[in-house]
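A.B. asks: pasting a predicted model and its sequence here:
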2 protein chains.
Amino acid sequence: MTNREERPRVVPVIMSGGSGTRLWPLSTPERPKQFHAFNSDASMIQETARRTSGEGPVDFLPPIIVCAGRHRGLVTEHMRETGIEPSAVVLEPVPRNTAPVAAIAAELVARLHPGALALLVAADHVIADRDGFVAAIARAAGIARDHIVTFGITPSRPETGYGYIQQGEALAPGVFRVARFAEKPKSEVAQAYLAEGGYSWNAGIFLFSPDTMLAEMAQSRPDILEAAHDALAASPQDADGTIALDPALFAACPSDSVDYAVMEQTRLAAVVPGDFGWADVGSWSELWRLGPHDEGSNRLRGDVLAIDTKGSLIWSDGPTLAVLGLEDLIVVATGDAVIVAPKHRAQEVKDLLEKLRSR
Amino acid sequence: MTNREERPRVVPVIMSGGSGTRLWPLSTPERPKQFHAFNSDASMIQETARRTSGEGPVDFLPPIIVCAGRHRGLVTEHMRETGIEPSAVVLEPVPRNTAPVAAIAAELVARLHPGALALLVAADHVIADRDGFVAAIARAAGIARDHIVTFGITPSRPETGYGYIQQGEALAPGVFRVARFAEKPKSEVAQAYLAEGGYSWNAGIFLFSPDTMLAEMAQSRPDILEAAHDALAASPQDADGTIALDPALFAACPSDSVDYAVMEQTRLAAVVPGDFGWADVGSWSELWRLGPHDEGSNRLRGDVLAIDTKGSLIWSDGPTLAVLGLEDLIVVATGDAVIVAPKHRAQEVKDLLEKLRSR
């Protein structure tokens, strides 16, 4: 057993920037999906904060949360219920994707927790096996001083909705150099990846030391690094931990993902493949898939009655919802809005919402 | 042109006793379907009162309304908006079907409007062609002194949800003796009726003189007549027109329909066939059928968006309701409850409601 000083110290940087339009009407701009409870009594951001807190193979330090300015109150309220106090809450005046967040995270972790690693995680992912996740972080920490580590999910199906990572040479037990990042594939390509082996889903979770991230981004996207740095430098931290990024300076930052801006450019990309029950809860059909299911393969939630119904997600956040004779449908009701659509068209909920807004 | 004295004077007796459970969640025990607007901006009871008011081929006198005690307030409110003042509002402490209503209607019409005919109508029927309806009443009035006239609807399809009336010998132009009442038929039987001709749907609308109804019921169901008489005699009319039937005495009255208790027994039954756009709005599939329909054969109502949807009823009484890729479904949403079911199973909405109540 290593002593406490030798265990990796990790600062979770929880990215709460998603809008979750495909999970309308539950997810709304005022209260997007990470502030809803889909899989337990806790909201997704609460689940995320809890799974990246405490001590064990990794010592988690207080998190940094990055969110839209309008969600400051929700973050406070949700974190208060967990008893977890963030060391900073960074407010984005506009969304600029994940690369600027990585740069700001690196600077802040170096400033607030010298010597610690940064763990970039989304606030709206499901991870069923917390111990497996923490074990993967501990494994990654072994090389994170001089690599940027991404986490790969062992594919359980030829999913076309995720990007894939092909692993290269082994760097340590269970840790590999990244051979290649592959975009969301067509179905046949995804099947070939599974048959070939050595591919995993890109979960969008990153572990790195601040120095390495800053140095690599300085090589690949100095423009983003500089703009993010300027925005942060102009934005003091309030007494309550808030850092409201300067609107003009942050708006001037180019928008890009950490995958494109850094991971696909750097020679220091590594991957830790694993299987810890990860899912990106992106749509109602995905929520149906996660279950639990009744004997008719339905996922039911709330004040719901389902008769002669199969393979459907029947979800109420308020009204009594009674359905009869349905198959492979999603029905979601709140007090304000109701959607009904075939499960295989769940991605189009986003379009429904856009059409409603443009009316 | 006849002068005013020679035109038939008719007192509408509006029966507002239906509970409309198949139209849940819009129709509820607190506010059943006759108090909702399905086909215009007016509620069904308002449409019923308006179509049986005014002068023309028939002079309509102020109506008598028969309703459940709990709906007294709704009747007042809905009638106030029409400007039509009932001559009496009879409150039923319990439902006892239509035969006791016919007896009470006969007594009250004789008392309040001597010499007038009684027109028994339901508060929850659609009649698209008001002029055709009034013309049929005028035709029926010619023989209503010594017959009990029912109105037959020329069938537009082999409907199995209605009873049928077979017409016998002609009594006057467009007026026939009733040869036979036929129960709701199976599909093949209904098709045979249409092929044979001389059959019409039993619309459950009756025109009669009080004396004839009282005399015929005295023959066929003296028990109902006596119990209804005793209940009415013990229940004085308040200053505001209300007659709250004595609970114990009215509860003691046998429950039966005027069809069974009188029409199938009397030799004085006559039928006036016609086609005045009548419909018994009994279910959501019937409401879909009535239209209007969009180019996808959908009936849409309220704050609704329907994409790639066909043959469906999409009805909101409040929430935003957005649907995608549906076919032949009914979706109805209120702020309290939502139902989704295939259109051909619309009759089972009643069962859904019962299951919900028994939870």
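C.D. replies: The structure has been received and is ready for your questions.
A.B. asks: can you pull the pLDDT of the residue most central in space within chain A?
C.D. replies: The centre of chain A sits closest to A:Ala122, judged by C-alpha atoms, centre = their mean, with a distance of 2.2 Å. pLDDT, A:Ala122: 96.
A.B. asks: which residues of the stretch 251-359 of chain A lie near chain B?
C.D. replies: A:305, A:307, A:316, A:319-326, A:329, A:331, A:333-342, A:345, A:348-349, A:351-353, A:355-356, A:359 (C-beta under 8 Å from any C-beta of the partner chain). (C-beta placed from N, C-alpha, C; glycine too.)
A.B. asks: my error: substitute the stretch 1-150 of chain A in the last question.
C.D. replies: Contact residues (C-beta under 8 Å from any C-beta) of the stretch 1-150 of chain A with chain B: A:Pro25.
A.B. asks: let me see the ranges of the strands in the stretch 1-150 of chain A.
C.D. replies: Taking DSSP state E, counting those that start in this stretch as the criterion, the stretch 1-150 of chain A carries its strands at A:9-16, A:59-60, A:64-68, A:88-92, A:117-122, A:125-127, A:148-153.
A.B. asks: out of the residues of the stretch 251-359 of chain A next to chain B, which are buried?
C.D. replies: Buried members of these, scored by 16 or more other C-beta atoms under 10 Å in any protein chain shown, are A:305, A:307, A:316, A:319-326, A:329, A:331, A:333-334, A:337-342, A:345, A:348-349, A:352-353, A:356.
A.B. asks: burial count for the closest residue to chain B within the stretch 51-200 of chain A?
C.D. replies: Closest residue of the stretch 51-200 of chain A to chain B, C-beta to the nearest C-beta: A:Gly161 (18.7 Å). Residues near A:Gly161, counting by other C-beta atoms under 10 Å in any protein chain shown, number 14.
A.B. asks: now do the one 4 residues further on
C.D. replies: Applying other C-beta under 10 Å, we find 28 other residues in the vicinity of A:Ile165.
A.B. asks: so it is in which element?
C.D. replies: Take DSSP states H and E as the rule and A:Ile165 turns out to sit in strand A:164-172.
A.B. asks: can you list the buried residues in that strand?
C.D. replies: Neighbour-count burial for strand A:164-172, counted by 16+ other C-beta under 10 Å, picks out A:Tyr164, A:Ile165, A:Gln166, A:Gln167, A:Leu171.
A.B. asks: returning to what we had before: in helices, which of the buried ones among the residues of the stretch 251-359 of chain A next to chain B fall?
C.D. replies: For these, the ones inside helices are A:Val349, A:Leu352, A:Leu353, A:Leu356, with DSSP state H as the criterion.
A.B. asks: in chain A, which spans are helices?
C.D. replies: A:44-51, A:72-82, A:98-112, A:130-141, A:187-196, A:210-220, A:222-233, A:247-251, A:258, A:284-290, A:349-358.
A.B. asks: which of those helices is buried the deepest?
C.D. replies: Across the helices of chain A, averaging neighbours per residue (mean count of other C-beta atoms under 10 Å in any protein chain shown) puts helix A:258 on top, at a mean of 27.
A.B. asks: so for that helix, mean pLDDT?
C.D. replies: 97.
A.B. asks: one more: stretch A:72-87?
C.D. replies: Average pLDDT, stretch A:72-87: 97.
A.B. asks: next one: stretch A:9-20
C.D. replies: 92.
A.B. asks: buried stuff in it?
C.D. replies: A:Arg9, A:Val10, A:Val11, A:Pro12, A:Val13, A:Ile14, A:Met15, A:Ser16, A:Gly17, A:Gly18, A:Ser19, A:Gly20.
A.B. asks: leaving aside the residues next to it on the chain, what's closest to the fourth one?
C.D. replies: Leaving aside its chain neighbours, A:Pro12 sits nearest to A:Thr52 (3.7 Å; criterion: C-beta to C-beta, 6 or more residues apart in numbering or on different chains).
A.B. asks: ok, now how distant is the one you found from A:Arg289?
C.D. replies: For A:Thr52, the distance to A:Arg289 equals 24 Å [C-beta to C-beta, to the nearest Å].
A.B. asks: for the nearest residue to the residue nearest to the centre of chain A once chain neighbours are set aside, list each beta-bridge partner.
C.D. replies: Nearest residue to A:Ala122 in three dimensions, chain neighbours excluded: A:Met15, at 5.2 Å (C-beta to C-beta, 6+ apart). Under DSSP bridges, the beta-bridge partners of A:Met15 are A:Val66, A:Ala122.
A.B. asks: got a list of what A:Thr21 touches?
C.D. replies: Applying C-beta atoms under 8 Å, 6 or more residues apart in numbering or on different chains, we find A:Thr21 in contact with A:Ser27, A:Val349, A:Lys350, A:Leu353, A:Glu354.
A.B. asks: how close does it get to A:Glu81?
C.D. replies: 26 Å.
A.B. asks: ranking the strands of the stretch 1-150 of chain A by burial, who's on top?
C.D. replies: Burial among the strands of the stretch 1-150 of chain A, expressed as mean neighbours by mean count of other C-beta under 10 Å, is greatest for strand A:148-153, which shows a mean of 26.
A.B. asks: what angle do that strand and helix A:130-141 make?
C.D. replies: 150 degrees (axes from the mean of the first three to the mean of the last three C-alpha atoms, to 10 degrees).
A.B. asks: who does strand A:148-153 pair up with?
C.D. replies: So strand A:148-153, judged by DSSP bridges, has these partners: strand A:199-208 (antiparallel), strand A:269-274 (parallel).
A.B. asks: re the thing from before, CSV for the contacts of A:Thr21, including distance to A:Trp284 and pLDDT?
C.D. replies: Putting the contacts of A:Thr21 into CSV (distance: C-beta to C-beta, whole Å; pLDDT from 0 to 100) gives the following:
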residue, distance to A:Trp284, pLDDT
A:Ser27, 10, 93
A:Val349, 7, 91
A:Lys350, 11, 89
A:Leu353, 12, 90
A:Glu354, 16, 91
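A.B. asks: any idea how far A:Met79 lies from B:Leu91?
C.D. replies: Where B:Leu91 is concerned, A:Met79 sits at a distance of 58 Å (C-beta to C-beta).
A.B. asks: ditto for A:Ile14
C.D. replies: 63 Å.
A.B. asks: picking that back up, do I have it right that the residue nearest to the centre of chain A meets A:Gly18?
C.D. replies: Yes. Contact status for A:Ala122 versus A:Gly18: in contact at 6.9 Å, counting by C-beta atoms under 8 Å.
A.B. asks: start to end distance for stretch A:256-275?
C.D. replies: When the termini of stretch A:256-275 are compared using C-alpha to C-alpha, to the nearest Å, they are 28 Å apart.
A.B. asks: what comes up buried for it?
C.D. replies: A:256, A:258-259, A:261-263, A:266, A:268-274.
A.B. asks: now the end-to-end length of stretch A:332-347.
C.D. replies: 14 Å.
A.B. asks: that one - what's its average pLDDT?
C.D. replies: 95.
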